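Enquirer: Generate a structure from the sequence data that follows.
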Amino acid sequence: MTQIVVLPHPELCPDGAVLEVEPGTSLCTALLQNDIAIEHACEQSCACTTCHVFVREGGQSLEPADELEEDMLDKAWGLEPQSRLSCQAEIRDTPLVVELPRYTINMVSEGNSK
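Expert: Purely as a prediction, here's the structure:
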């Protein structure tokens, strides 16, 4: 099992959390399985940016983002060098520290799905 520390987020995880996750699990799935209701409007198909996270520590252990993920990340709110789409970040054996952004851009729920 791999340890994932989720930093406090005012709505989704006010006290923060420490998760034990099976390697090979996507970060998005791990958050959802541990009752952290991160948005995932495209059902984890790398077609939106709602599951955007910042990997503050341990990110070098993840596979690099592919071209599709990089293209989607360009549309994410608050993009940083540590940004990843949690649906594409597969957990390995290295512990991670993750921060959830304060905002997300959800084109579907905001009525902009053209």
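
Enquirer: quick one, what contacts the residue nearest to the spatial centre of the chain?
Expert: Among the residues of the chain, residue 86 comes closest to the average C-alpha position under CA atoms, centre = their mean, at 2.8 Å. Taking CB atoms under 8 Å, 6 or more residues apart in numbering, we find residue 86 in contact with 26, 27, 28, 31, 38, 40, 51, 52, 53, 98. Where C-beta positions appear, they are placed from N, C-alpha and C, glycine not excepted.

Enquirer: Now for these: which two are most distant?
Expert: 40 and 98 (14.6 Å; CB to CB).

Enquirer: quick one: which of the contacts of residue 86 is nearest residue 73?
Expert: For the contacts of residue 86, the nearest to residue 73 is residue 52 (7.1 Å; CB to CB).

Enquirer: For burial, what's the neighbour tally of that closest one?
Expert: Residue 52 sits with 26 neighbouring residues when counted by other CB atoms under 10 Å.

Enquirer: Might one say that it is in contact with residue 73?
Expert: Yes - at 7.1 Å, residue 52 and residue 73 qualify as touching, with contact defined as CB atoms under 8 Å.

Enquirer: Pull up the overlap in contacts between the two.
Expert: 79, 83, 84, 85.

Enquirer: got the end-to-end distance for stretch 92-101?
Expert: By CA to CA, to the nearest Å, the extent of stretch 92-101 from end to end equals 22 Å.

Enquirer: thinking again about what came up before, the more surrounded of residue 40 and residue 98?
Expert: residue 98 (29 against 21).

Enquirer: ranges for the strands of this protein?
Expert: 2-6, 17-21, 52-57, 83-85, 96-99 (DSSP state E).

Enquirer: quick one: which of the ones you listed is nearest residue 46?
Expert: Per CB to CB, nearest to residue 46 of those: strand 83-85, 6.2 Å.

Enquirer: sorry, back to before: got JSON lines for the strands of the chain, with distance to residue 105 and mean pLDDT too?
Expert: Shown next, in JSON lines, are the strands of the chain (distance: least, CB to CB, whole Å; pLDDT from 0 to 100):
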{"stretch": "strand 2-6", "distance to residue 105": "21", "mean pLDDT": "98"}
{"stretch": "strand 17-21", "distance to residue 105": "24", "mean pLDDT": "97"}
{"stretch": "strand 52-57", "distance to residue 105": "8", "mean pLDDT": "98"}
{"stretch": "strand 83-85", "distance to residue 105": "12", "mean pLDDT": "97"}
{"stretch": "strand 96-99", "distance to residue 105": "17", "mean pLDDT": "98"}
